[in-house]
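[1] sequence and predicted structure, then a few things I'm wondering about:
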Amino acid sequence: MLFVAFVIGIGIFGYSSIEGWGYLDSAYMTIITLTTTGYQEVHDLSDNGRIFTMFFLVIGLATYALILSIIIREIVEFEFNQFFWSKKMKRDIEKMSDHSIICGFGKMGKSISEQLADHHEKFVVIEQDKHAEGELKRLGYNYFIDDATDDEVLEKAGVRKAKNLISVVNSDSGNVFIALSVRSLNKDLFVISRAYNDASIEKLKKAGANKVISPYSLMSTKITQTILNPAVNDFLEIISEDATVDFQLAEIGVDATFKCTNKRLIETDFKDKGIIIVGIKKASGKIIFAPTSQEIINDGDKLIALGSGQEFSDILKAEIS
């Protein structure tokens with residue numbers, strides 16, 4: 001636009017200087033010359049005016065050619081980039097395993113995606129709203145703009161190789177349908193669903209959701225805890241929300257390769273590494289809070305650990321194998 005304005009300015013200046021016309025006549029002559037309209041000349045042209053007009057016509061045609069080439073280049077580059085971005089993303093998703101699938105990219109889906117990305121976790125987003133594509137692409141997430149209740153779409157997202165599926169679409173019926181679809185494709189997948197209404201919690205569990213979260217129930221519990229146990233609530237908020245505090249509350253899975261398997265807590269070196277075991281979830285499902293030093297760690301247990309620092313992060317990544 002600036003270039004076109006510059007060319008028009010040259011024409012107005014040229015006609016007013018060479019022919020001595022006013023700015024309106026010069027502007028009119030400039031526009032009909034640039035657009036090759038072919039109307040009658042405003043005034044008879046001098047020889048110099050005709051020479052200028054011939055050169056100005058060439059400039060006008062060159063301007064059209066330049067603008068057209070820019071538009072074509074932008075279109076081709078956009079399509080080219082879209083094609084290769086799509087191909088690369090599909091290849092990345094096909095290579096994924098033990099990843100998470102997030103169904104829904106509303107406020108909750110965005111927050112979950114952001115936190116998983118911050119922890120360098122692998123995930124794929126499935127969102128039906130096409131308006132979300134720009135943001136998903138800008139953030140660099142792997143995604144599909146499609147219906148998360150479609151088995152074919154779930155297959156493309158790697159549901160058979162995934163570890164978790166988080167269903168936070170904007171209706172309970174949609175979350176129920178996704179849970180049912182997923183269970184027919186991967187029985188071992190850990191499914192977390194959002195319930196908008198408490199009445200839907202049991203339906204979601206029957207549909208196959210391992211964990212159902214009701215934001216309203218969680219919020220009411222949080223408010224109550226803030227009233228009854230403000231210090232405890234502040235401590236938990238510091239651990240979970242304050243990025244400046246290097247504390248982590250995490251789960252450590254125990255298997256046969258775990259070097260502390262079949263040992264008592266007192267025989268481990270957790271304490272020396274600054275790790276506090278605040279609970280043990282036994283393979284049977286029983287949860288032991290504040291286990292004693294004599295508690296035995298068995299294959300299949302899950303340790304709830306509190307710690308800080310890079311060493312703790314390394315232990316979590318390696319699961320102390």
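    Yep, that arrived. Numbers count the residues shown, from 1 in each chain.

[2] C-alpha from now on. contacts and neighbour counts both.
    Fine.

[3] show me what contacts residue 48?
    residue 18 (CA atoms under 8 Å, 6 or more residues apart in numbering).

[4] so which strand or helix has it?
    Assigned by DSSP states H and E, residue 48 falls within helix 47-95.

[5] show me how far that helix is from its chain's centre.
    31 Å (CA atoms, centre = their mean, to the nearest Å).

[6] ok, stretch 87-97 next?
    15 Å.

[7] what does that stretch rub up against?
    122, 124, 142-143, 156-158, 161-163.

[8] please parse this structure into its domains.
    2-88, 97-213, 246-318 (automatic domain parsing).

[9] between those, which gets nearest to residue 229?
    With CA to CA, the closest approach to residue 229 among these belongs to domain 246-318: 18.4 Å.

[10] let me see the mean pLDDT of the closest one.
    The average pLDDT within domain 246-318 is 79.

[11] deepest in the core, which of the domains of the chain is it.
    domain 97-213 (a mean of 18; mean count of other CA atoms under 10 Å).

[12] endpoints of it, how far apart?
    25 Å (CA to CA, to the nearest Å).

[13] gap between that domain and the chain center?
    Distance, centroid of domain 97-213 to centroid of chain: 12 Å (CA atoms, centre = their mean).

[14] just stretch 12-19 next, same as before
    The answer for stretch 12-19 is 56 Å, by CA atoms, centre = their mean.

[15] one more: stretch 276-289?
    33 Å.

[16] ends of it, what's the gap?
    End-to-end for stretch 276-289, by CA to CA: 12 Å.

[17] which other residues reach it?
    Residues contacting stretch 276-289 (CA under 8 Å, 6+ apart): 270, 290-291, 298-307.

[18] again, only using 7 Å
    270, 290-291, 300-307 (CA atoms under 7 Å, 6 or more residues apart in numbering).

[19] ok so, going back, turn the domains of the chain into JSON lines, columns for distance to residue 229.
    Listed next are those as JSON lines, based on distance: least, CA to CA, whole Å:
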{"stretch": "domain 2-88", "distance to residue 229": "50"}
{"stretch": "domain 97-213", "distance to residue 229": "22"}
{"stretch": "domain 246-318", "distance to residue 229": "18"}
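
[20] for residue 225, find the nearest of the ones you listed.
    Among the domains of the chain, domain 97-213 comes nearest to residue 225, with 17.6 Å by CA to CA.

[21] related to what we said a few turns ago, which other helices and strands contact the helix or strand following the helix holding residue 48?
    Once helix 47-95 ends, the next helix or strand along the chain (criterion: DSSP H and E) is strand 100-103. If you count contacts as 3 or more CA pairs under 7 Å, 6 or more residues apart in numbering; DSSP states H and E, strand 100-103 packs onto strand 123-127, strand 164-167.

[22] again, only using 10 Å
    helix 107-118, strand 123-127, strand 142-145, strand 164-167, helix 172-185, strand 190-194 (3 or more CA pairs under 10 Å, 6 or more residues apart in numbering; DSSP states H and E).

[23] before we move on, back to that, residue 6: which of the contacts of stretch 276-289 is nearest?
    Once CA to CA is applied, the member of the contacts of stretch 276-289 that ends up nearest residue 6 is residue 307, at 64.8 Å.

[24] that closest one reaches residue 251, doesn't it?
    No - the criterion here is CA atoms under 10 Å, and residue 307 misses it with residue 251 at 11.0 Å.

[25] on that earlier part again, distance to residue 96 and mean pLDDT added to the helices and strands packed on strand 100-103, as TSV?
    What follows is the helices and strands packed on strand 100-103, written out as TSV (distance: least, CA to CA, whole Å; pLDDT from 0 to 100):
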stretch	distance to residue 96	mean pLDDT
helix 107-118	15	92
strand 123-127	9	95
strand 142-145	11	92
strand 164-167	12	95
helix 172-185	17	92
strand 190-194	16	94
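
[26] pull the contacting residues for residue 10.
    4, 16, 27, 30, 56 (CA atoms under 10 Å, 6 or more residues apart in numbering).

[27] helix/strand/coil for it?
    helix (DSSP: H, G, I helix; E, B strand; the rest coil).

[28] contacts for stretch 170-182 next, please.
    Residues contacting stretch 170-182 (CA under 10 Å, 6+ apart): 103-106, 108, 147-151, 154-155, 159-160, 165-169, 188-197, 199-201, 203-210.

[29] my read: residue 158 touches residue 125, true?
    No - Residue 158 lies out of contact with residue 125 (CA under 10 Å); the separation is 11.2 Å.

[30] nearest to residue 68, out of the helices and strands packed on strand 100-103?
    strand 142-145 (31.6 Å).

[31] that closest one packs against which elements?
    Using 3+ CA pairs under 10 Å, 6+ apart, strand 142-145 is in contact with helix 47-95, strand 100-103, strand 123-127, helix 133-139, helix 151-156.
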